[in-house]
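*Asks:* What follows is a predicted protein model with its sequence.
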Amino acid sequence: MPRLGAHLSIAGGLPRAVDRAEASRCEALQIFTKSAGQWRARELPPEEIACFRARVAESGIRPVVAHNSYLINLAAPSALRAQSIAALGEELDRAEALGLDGLVMHPGSYTTGNEQGGLRLIASALAELLAARPRMRTMVLLEQTAGQGTNLGHRFEHLAAILEYLDGSPRLGICLDTCHLLTAGYDLCTEEGYAGTFHEFDRIVGLNRIKVFHLNDSKKPCGSRVDRHEHIGKGCLGLEPFRRLLNDPRFTGLPMLLETPKLETAASKRRSDVDPWDARNLRTLRKLIRAV
């Protein structure tokens, strides 16, 4: 069985995300450890860290991963790249302090130069950050992207290149997003397309590198290179790709996390910490899992 979960809010403090995960019947969890749209982060009090770690342990929710800030771009020109490296280092330190299993990150976008130059910049920044943290247990999880603009990571070859530059470091894993796969041009909608996509990934990167899945339907069609998430079964993927993925024995036990749209209303937040759309999407996914 895969471990289903969602990306949940840390509003009210990090331990509240675990409360929300329990209330939503999540078996795995993704969070931000800080505001995703700001460079600065509030310092995490030791008591909040201890409470979060205790709540995770008693809840049995695992793995717990974080997603890094959307501002970070390791392939950017010098000034922004230096700021991005410092910010990513801070996020890695926060994730390690919280005992998180991984930090999911978009590789970056080259704003000057070319793909290969951008990939080398990303890899060298990661090498620097990992070398400075030799005892860090939190994995860096490169997320395959939709490929908007000059975003890197939408081709499996991009991910393989970063890993190769880092000599295949075991401290790096991969996060695959179903919406991103489709819009990057990997057609999961047919049985042949699904089989071909994972055969290609295994050949180029290796299935053993996959540590997390993001389960999102897509508002945009295959090959559009536009990242717009939709509720499960309501977009261009439909239900069958999720049925195949959830019942694929190669991915037994892996976390599969929703990043689908939330019901963002003040009234819904007052009533409950369980987002109705999260609950509905999780129910839909669980119905697709075949009984053993």
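*Replies:* It's in.
*Asks:* which outside residues touch stretch 90-105?
*Replies:* The contact list for stretch 90-105 (Cβ atoms under 8 Å, 6 or more residues apart in numbering) reads 14, 30, 33-34, 41, 44, 49, 52-53, 56, 62-69, 72, 88, 129, 133, 136-143, 173, 175, 211-212. For every residue, glycine as well, the C-beta is placed using N, CA and C.
*Asks:* now these: which count as buried?
*Replies:* With neighbours counted by 16 or more other Cβ atoms under 10 Å, the contacts of stretch 90-105 contain buried members at 14, 30, 33-34, 44, 49, 52-53, 56, 63-69, 72, 88, 129, 136, 138-143, 173, 175, 211-212.
*Asks:* Okay, and the closest residue to residue 110 other than its chain neighbours sits in which element?
*Replies:* Leaving aside its sequence neighbours, residue 110 sits nearest to residue 118 (Cβ to Cβ, 6 or more residues apart in numbering; 3.0 Å). Taking DSSP states H and E as the definition, residue 118 sits inside helix 115-131.
*Asks:* Summarise which helices and strands that helix is packed against.
*Replies:* When contacts are defined as 3 or more Cβ pairs under 8 Å, 6 or more residues apart in numbering; DSSP states H and E, helix 115-131 sits against helix 78-97, strand 108-109, strand 139-143, strand 151-152, helix 156-165.
*Asks:* Parallel or antiparallel, which strands does the fourth one pair with?
*Replies:* In other words, strand 151-152. strand 108-109 (antiparallel) (DSSP bridges).
*Asks:* ok so residue 262 is a strand residue?
*Replies:* No - using DSSP: H, G, I helix; E, B strand; the rest coil, the assignment for residue 262 is coil, not a strand.
*Asks:* give me every residue that touches the residue nearest to residue 110.
*Replies:* 75, 108-110, 150, 152.
*Asks:* hmm, back to that, any idea which of the helices and strands packed on helix 115-131 gets closest to residue 237?
*Replies:* Of all those, strand 139-143 sits nearest to residue 237, with 17.4 Å by Cβ to Cβ.
*Asks:* Need the CA coordinates for the closest one. CSV is fine.
*Replies:* Output in CSV follows, covering the C-alpha atoms of strand 139-143 (Å, rounded to 0.1, in the frame of the first residue of the first chain):
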residue,chain,number,x,y,z
MET,A,139,17.6,13.9,1.8
VAL,A,140,17.5,16.5,-1.0
LEU,A,141,14.6,15.4,-3.3
LEU,A,142,14.8,16.9,-6.8
GLU,A,143,11.3,17.4,-8.1
